[in-house]
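give me the fold of what follows.
(one chain, ligands or ions: 1)
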Amino acid sequence: MFKYKDAQIKTILGDITKIEVDAIVNAANNTLLGGGGVDGAIHRGGGKRILEQCKKIGGCPTGEARITTAGDLPSKYVIHTVGPIYKDGISGEERLLYNAYYSSLNLAKEYNIKTIAFPSISTGAYGYPIEKAMKIAIKSVIDFIDKEKIDLDITFVLFNNDDFLLYNNYLNEKL
Ligand code: ADP
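Down below sits the predicted model:
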């Protein structure tokens, strides 16, 4: 566990659908109607109530976030955000990925969420190189904590050991 100002930053190796926090973040797509990877796992585990709410919301632009309840999952909410598809790294991907984390945190604040868990957004099907994406994720979180001076418990849930070690090494070095 890493302490940064008023906040805690943690890393876990595992499945985000099993985590008991106020909100888990979904790496969704623009339709919000479900997909593969973590999105598929969240909709499978959460049941049809999540999808019903997503249908009502009617989609989400890249870099923004929307919130639903978590259905059958152990968390209270799911924050659905849409990361960029990685093209060449010079097509605005960095800003969009940063915004996906930041807008999720803004929603968390608005809903008085104290514990939030993120997957590694855009680094699966969307092809974002993990090391670059990890640095953007951490920068976004750190900037938010700096700006809001908020007591927030943030967990990065990594799905494989390489990603987990990468996050831990970088956080050890940085915090
Ligand atoms: P994207 O389309 O944004 O790239 P993916 O779901 O394809 O999203 O992948 C994002 C990351 O989430 C990848 O590192 C993938 O291994 C990971 N992932 C997949 N399933 C889960 C899960 N159940 N819990 C946590 N992370 C997951």
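
which helix or strand contains residue 43?
Taking DSSP states H and E as the definition, residue 43 sits inside helix 37-46.

what residues sit buried inside that helix?
Residues 37-39, 41-43, 45-46 are the ones in helix 37-46 that count as buried (16 or more other CB atoms under 10 Å). Where you see a C-beta, it was placed from the backbone N, CA and C, and this is true even at glycine.

with stretch 10-19 instead?
For stretch 10-19, using 16+ other CB under 10 Å, the buried residues are 11, 16-17, 19.

still on that earlier bit, packing partners for the helix holding residue 43?
With contacts defined as 3 or more CB pairs under 8 Å, 6 or more residues apart in numbering; DSSP states H and E, the packing partners of helix 37-46 are strand 23-27, helix 48-57.

can you pull the contacts of the residue nearest the centre of the chain?
Closest residue to the average C-alpha location of the chain: residue 118 at 3.2 Å, with CA atoms, centre = their mean. Residue 118 sits next to 25, 101, 104, 137, 154-157 when contact means CB atoms under 8 Å, 6 or more residues apart in numbering.

pLDDT score assigned to it?
The model reports residue 118 with a pLDDT of 99.

and if you look at residue 18?
Listed pLDDT for residue 18 reads 98.

nearest residue to it other than its sequence neighbours?
Leaving out its chain neighbours, the residue that sits closest to residue 18 by CB to CB, 6 or more residues apart in numbering is residue 74, at 7.0 Å.
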